[in-house]
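Peer 1: quick one: sequence and predicted model below, then my questions.
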Amino acid sequence: MKKAINNAKLESLFEKELVKELYQYGDLKYFTAGEIIMDYGKYIRSMPVILKGTVKVFRKDAQGKEILLYYLSDNESCSMAYGCCISAKKSEVKAVAEEDGELLAIPFVKLNDWLCQYNSWRDYIFNSFNERFLELLNSIDIMAFGNMQHRVRQYLNAKHDLNDRNSVLVSHHQIADDLASTRVVISRILKQMENEGEVILYRNEIKLNKLFFQRVHKPGSEE
DNA sequence: CCATTAAGATACT
DNA sequence: AGTATCTTAATGG
């Protein structure tokens, strides 16, 4: 009945008994790139822990535009989901799979039990909250005070962190969607960044130069 | 080849 | 910064 789960990272993160319970009560689900894992207004009955792959979490603004809040990847969880579970609220966010992957859906009835029972689970939940909170602060910062160029830099940097190389595989259109902007605007900004030597543009690919990394952590270096 | 789609360009709001 | 429109370039059948 139950699928055999074997995840070394989980086993290093939690004590043996909890891992056993995770495997027993968690529901292993596979998702494919582009799949909507969670949508606005839906009730959440389980808390997802991402085992593999990357998930983007969106929020709708007042004008109905979607903006990217943060990414979730290996062994990370959505703290929004936790709050929704225990208070039986509807989802405020939408989660879309960036790439194929798998997640472990934890039934909400177990969440509180484990919180009391296992130190590692409590640490994990609090850590998850804290990380997400920091990312949110960062996002607010960018949206409220930053200009588009800064936002694009942050976006490229975040996407770069998730993978590996010094290039990001993404279309201008995709960036525009994620930042609630338009293709032309993103193209303009990227072109300018290219002229200044920060990046090199290709079709569906953006190479990041040294100058980019010098600037990305310094908001004060706009033109 | 041609169809589709990404990206560049220009002009206007 | 965003919209509309057109042109050009890359990609895949």
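Peer 2: Arrived safely. Worth saying up front: this structure is predicted, and the values here are computed from it rather than measured.
Peer 1: centroid residue for chain A?
Peer 2: Residue closest to the mean C-alpha point of chain A, counted by C-alpha atoms, centre = their mean, is residue A:71 at 1.1 Å.
Peer 1: wait, is residue A:99 part of a helix?
Peer 2: No - under DSSP: H, G, I helix; E, B strand; the rest coil, residue A:99 sits outside any helix and is assigned coil.
Peer 1: now it: how far from residue A:74?
Peer 2: Look at residue A:99 and residue A:74: by C-beta to C-beta, to the nearest Å, they are 12 Å apart. Where you see a C-beta, it was placed from the backbone N, CA and C, and this is true even at glycine.
Peer 1: where along chain A do the helices fall?
Peer 2: A:8-13, A:16-25, A:79-87, A:108-117, A:119-145, A:148-162, A:172-178, A:183-195, A:210-216 (DSSP state H).
Peer 1: make TSV out of these and add distance to residue A:44, mean pLDDT and mean neighbour count.
Peer 2: Converted to TSV, those look like this (distance: least, C-beta to C-beta, whole Å; pLDDT from 0 to 100; neighbours: other C-beta atoms under 10 Å):
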stretch	distance to residue A:44	mean pLDDT	mean neighbour count
helix A:8-13	21	81	13
helix A:16-25	16	92	16
helix A:79-87	4	81	18
helix A:108-117	8	90	14
helix A:119-145	15	81	14
helix A:148-162	24	88	19
helix A:172-178	23	95	19
helix A:183-195	32	93	16
helix A:210-216	34	91	16
